[in-house]
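*Asks:* Any chance you can model this:
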Amino acid sequence: MLIDQTLLVTQFMTLLAVLDPISHTSLFLSVTGGLDRAERRKAALIAVPVAFVILLVFAVIGQYALAAMNISLISFQIAGGIILLIFALSMTLGDKGPAPTAEAGANDAASVAVYPLAVPIIAGPGAMLAIVILMDNNRLTFIEQVETVAMLALNMLILLGLFLSGGTVSRLIGRHGANVLRRVMGIVLAALSINLILEAMAKWLGLPAI
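*Replies:* Numbers count the residues shown, from 1 in each chain. Okay, here's the model as predicted:
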């Protein structure tokens, strides 16, 4: 069985850009600021698996839900590409928007792990949108879809590792380093988003694949 390495790299980089682990680690440290080290670790070990399951559900049923609503994947891919492009531009230009915070009184790991950590910080609209598009049932074989899920799992493991060592990572790269990385990933995501739009337009117009 041959593995499409280009596809794997594209899937991995798209998910890495959308999940934005460095910025999410900063948010994780902010949200769990009132927890001790053990509780912070517990929050990470709950939040990341929950987010993975949520995104996995979207990966499996996302396109069937679109079909049930009579929305073509081409339309969704164009709309999704535009939204991801806007998201990428906000990353590149530095507009993070208001960061979700824990509800008042939520000062334990279980309270913050699901909300706001798993949703909407990790499994946010951008990640949900990206995984549905990347799991294109009309373009990918079952094996390639499994590989896409594997790339999602790999990104989640990276995110979990950063969460568990968040304090060290934050000190090493600093605020300016995190901002630079965020902008670089924004540029990568912008390019990938434009590629998604162009691919969908090519399919719609019956042009050769890009």
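*Asks:* Residue 26 against residue 178, yeah?
*Replies:* Yes - when contacts are counted by Cβ atoms under 8 Å, residue 26 is listed as touching residue 178 (6.0 Å). For glycine as for every other residue, the C-beta is placed from the backbone atoms N, C-alpha and C.
*Asks:* These two: who's more crowded?
*Replies:* residue 26 (22 against 17; other Cβ atoms under 10 Å).
*Asks:* in which helix or strand would I find that one?
*Replies:* Secondary structure from DSSP states H and E places residue 26 in helix 21-31.
*Asks:* Show me what that helix is packed up against.
*Replies:* helix 37-68, helix 142-164, helix 166-205 (3 or more Cβ pairs under 8 Å, 6 or more residues apart in numbering; DSSP states H and E).
*Asks:* could I get those as CSV with distance to residue 81 and mean pLDDT?
*Replies:* Below are the helices and strands packed on helix 21-31 laid out as CSV (distance: least, Cβ to Cβ, whole Å; pLDDT from 0 to 100):
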stretch, distance to residue 81, mean pLDDT
helix 37-68, 15, 93
helix 142-164, 17, 95
helix 166-205, 4, 82
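*Asks:* so can I have a markdown table of these showing distance to residue 122?
*Replies:* Output for the helices and strands packed on helix 21-31, formatted as a markdown table (distance: least, Cβ to Cβ, whole Å):
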| stretch | distance to residue 122 |
| --- | --- |
| helix 37-68 | 4 |
| helix 142-164 | 7 |
| helix 166-205 | 13 |
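*Asks:* Would you mind saying which of those helices lies nearest residue 76?
*Replies:* Comparing the helices and strands packed on helix 21-31 against residue 76 with Cβ to Cβ, the closest turns out to be helix 37-68 (5.6 Å).
*Asks:* That closest one - contacts with which helices or strands?
*Replies:* helix 21-31, helix 73-93, helix 109-112, helix 125-134, helix 142-164.
*Asks:* Tell me what angle that helix forms with helix 125-134.
*Replies:* Orientation note: helix 37-68 sits at an angle of 50 degrees relative to helix 125-134 (axes from the mean of the first three to the mean of the last three Cα atoms, to 10 degrees).
*Asks:* How about helix 37-68, which residues are buried there?
*Replies:* 39-44, 46-48, 50-52, 54-56, 58-59, 62-63, 66 (16 or more other Cβ atoms under 10 Å).
*Asks:* Equivalent analysis for stretch 135-147, please.
*Replies:* Within stretch 135-147, the residues scored as buried using 16+ other Cβ under 10 Å are 135-136, 140, 144-145, 147.
*Asks:* how much space between residue 161 and residue 154?
*Replies:* 11 Å (Cβ to Cβ, to the nearest Å).
*Asks:* what does the helix or strand hosting residue 9 rub up against?
*Replies:* Per DSSP H and E, residue 9 falls inside helix 5-19. Helix 5-19 is contacted by residues 84, 87-88, 91, 122, 126-127, 130-131, 134, 140, 144, 147-148, 151-152, 154-156, 158-159, 185-186, 188-189, 192 when judged by Cβ atoms under 8 Å, 6 or more residues apart in numbering.
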